[in-house]
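# what's the 3D shape of this:
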Amino acid sequence: MKTLLFNYKFLFIALIFLLSVSCSKDDNPETNMNPIGDLLDPNMVSENVIIVGSDYIKDKLPTPNGNISLELLKQNQFALPVEGFDISLETEEPIIGAYIQFEHNDGSLASGYFDVNIRENLLGKTSRSNTKNEVTLNKKYTLDIDFNENISSAIFCYTISVYDAEQNISAPQRVCVEVGVLGGNAELAKTWSFASRQNFYISDMGGTETFKIGDTLIKYYSSFDCDTGERITLSGVSIQDKNTLTLNIDGTYGYKNDRIDDKFDRSASSETCEQVSGKVVKTHENRGVWSYQATTKRLVLIEHRRTLKEDGTVTSDSERESGDGDLFWDVLVELNTNELKLFDGDGVSRDSVWWTYFTQ
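Numbering: from 1, shown residues only. This next block holds a predicted model:
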């Protein structure tokens, strides 16, 4: 998870009233979201969340000393029924655990808190993803929080702090999470065809770069010694081909991206000491569920199945159960009749990208 994903309809008068409702208090800990909607009882949330690598302790939270830092990388959090949500955080110091306590916006707390072992939580995520069971503890972490079916379409809040091996505890931060619905915007429920992708770079490269169908995405090379002892360098390109995104009204989605690559024949090239290559169509398909968050105009796609093909032949196929999906997209949406734009990034602190799709 990971993570991350939304639609509520309100009467105008109710909206104005509810916008004044905050999930925070005037004192610490800091709140990172002002939610709209009914908040769940904190004990009910505690009984129905699933946090791998955690113990539930019925007691007050340990007192923080603020000697280590905590920054939440996503200030507004969104979740889906069963899928849950991710907590992306960063610290300047090595940490081993986190304390999470659910609460109501009136200040009432759950009767206990979760003590989360960072390594065990990350290992639980990698094992479900069928990846190598190794975890590197660094300064950025993504905690996986799952739900059972009892949590749906509502708001809840939590306080989180992190701690190190010497029991230094960060100042807590309070966050509210909106649990959305599958689908959520009928205007998005169409098949969208790729038009262009524009990358915005803030790194050393700088500038912008635009790709359309037929454009070269990357260039790649391979050098080796021929049978004759001479040195040869093979060069190839990857070209953008068709790309479609289908958002279904029931909240499921399908994504398909084709690219055309040069495929080296290394053996034949070694014999002749000349480049021998052909073309191969590489296809990336995935399916899962989607949700639209009206308050932030974001689209979230959770991947349940990923299939890779070469010239129509399956080379890789992986599937995850509901609740164990991976975040595929969490992007800002701009919809203009038959044009759909998806923006990933903030355009300021990191490289960003616009995807543009259209429909007939």
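
# What ranges in the protein fall below the confidence cut-off?
By pLDDT under 70, the weakly predicted segments of the chain are 1-38, 74-76, 125-138, 202-206, 346-351, 360.

# and the residue with the largest distance to the centre of it, helix, strand or coil?
Going by CA atoms, centre = their mean, the residue of the chain most distant from its centre is T228, 49.5 Å out. Secondary structure, DSSP: H, G, I helix; E, B strand; the rest coil: T228 is coil.

# any idea how far it is from N243?
To N243, T228 is 42 Å away according to CB to CB, to the nearest Å. The way it works is simple: take the backbone N, C-alpha and C, and place the C-beta from them, glycine included.

# Wait, A79 touches V177, no?
Yes - under the criterion of CB atoms under 8 Å, A79 makes contact with V177 at 5.3 Å.

# who's more crowded, these two?
A79 (28 against 25; other CB atoms under 10 Å).

# for the residue farthest from the centre of the chain, phi and psi?
Backbone geometry at T228, expressed as degrees, to the nearest 10, gives phi -80, psi -10.

# so what's it up against?
For T228, the contacting residues are C273, by CB atoms under 8 Å, 6 or more residues apart in numbering.

# Just name whatever secondary elements the helix or strand harbouring S267 is in contact with.
S267 belongs to helix 266-272 when assigned by DSSP states H and E. Here helix 266-272 touches strand 216-225, strand 231-247, going by 3 or more CB pairs under 8 Å, 6 or more residues apart in numbering; DSSP states H and E.

# Can you list the neighbours in contact with the helix or strand following the longest one?
So the one you mean is strand 231-247. Once strand 231-247 ends, the next helix or strand along the chain (criterion: DSSP H and E) is strand 252-264. With contacts defined as CB under 8 Å, 6+ apart, strand 252-264 is touched by 182, 194, 217, 222, 234-248, 275-290, 301, 328.

# picking up where we left off before, after the helix holding S267, next one along is what?
Taking DSSP H and E, what comes next after helix 266-272 is strand 277-293.

# Correct me if wrong, but G124 is in a helix.
Yes - according to three-state DSSP, G124 belongs to a helix.

# from what I can see it touches V52, true?
Yes - with contact defined as CB under 8 Å, G124 reaches V52; the gap is 3.3 Å.

# just so I have it, where are all the helices in the stretch 101-250 of the chain?
Shown for the stretch 101-250 of the chain, the helices assigned by DSSP state H, counting those that start in this stretch span residues 118-128.

# Figure out the length between the terminal residues of stretch 167-182.
40 Å (CA to CA, to the nearest Å).

# Now it: buried residues?
By neighbour count on 16 or more other CB atoms under 10 Å, the buried set for stretch 167-182 is 169-182.

# any idea how far E303 is from the closest residue to S352 other than its chain neighbours?
Of all residues not flanking S352 in the chain, G345 sits nearest, at 2.6 Å (CB to CB, 6 or more residues apart in numbering). Note on G345: its distance to E303, by CB to CB, is 20 Å.

# Could you report the neighbour count for L301?
24.

# what's across from it in the sheet?
Beta-bridge partners of L301, counted by DSSP bridges, are W290, W329.

# Show the contacting residues for it.
Neighbours of L301 in contact, by CB under 8 Å, 6+ apart: L5, Y253, Y255, G288, V289, W290, L327, F328, W329, D330.

# mind putting those residues in a markdown table, neighbour count and distance to T356 included?
Listed next are the contacts of L301 as a markdown table, based on neighbours: other CB atoms under 10 Å; distance: CB to CB, whole Å:
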| residue | neighbour count | distance to T356 |
| --- | --- | --- |
| L5 | 33 | 22 |
| Y253 | 26 | 18 |
| Y255 | 21 | 15 |
| G288 | 24 | 22 |
| V289 | 24 | 23 |
| W290 | 28 | 18 |
| L327 | 19 | 21 |
| F328 | 22 | 18 |
| W329 | 20 | 14 |
| D330 | 19 | 18 |
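
# Now that we have the contacts of strand 252-264, which of them are buried?
Buried among these (16+ other CB under 10 Å): 182, 194, 234, 236, 239-241, 243-245, 247-248, 275, 277, 282-283, 285-290, 301, 328.

# Tell me which residues are up against the helix holding S267.
Residues outside helix 266-272 that contact it (CB under 8 Å, 6+ apart) are S222, F224, D225, C226, D227, I232, L234, Q275, V276, S277.

# just checking, the first one touches T233?
Yes - with contact defined as CB under 8 Å, S222 counts as touching T233 (7.1 Å).

# Name the SS class of S46, please.
Per three-state DSSP, S46 ends up helix.

# Quick check: chain neighbours aside, which residue is closest to it?
Among residues not flanking S46 along the chain, A110 sits closest, at 4.6 Å (CB to CB, 6+ apart).

# What separation do you get for the residue farthest from the centre of the chain and I100?
64 Å.

# One more: V52?
Distance from V52 to I100, by CB to CB: 13 Å.

# Among the two, which residue is more densely surrounded?
I100 (25 against 18).

# List phi and psi for the more buried one.
According to degrees, to the nearest 10, I100 has phi -130, psi 130.

# For Q275, which residues are in contact?
By CB under 8 Å, 6+ apart, the neighbours of Q275 are I232, L234, S235, F264, S269.

# Just the closest of these to K341, please.
Taking CB to CB as the measure, K341 sits nearest to S235 out of those, at 33.7 Å.
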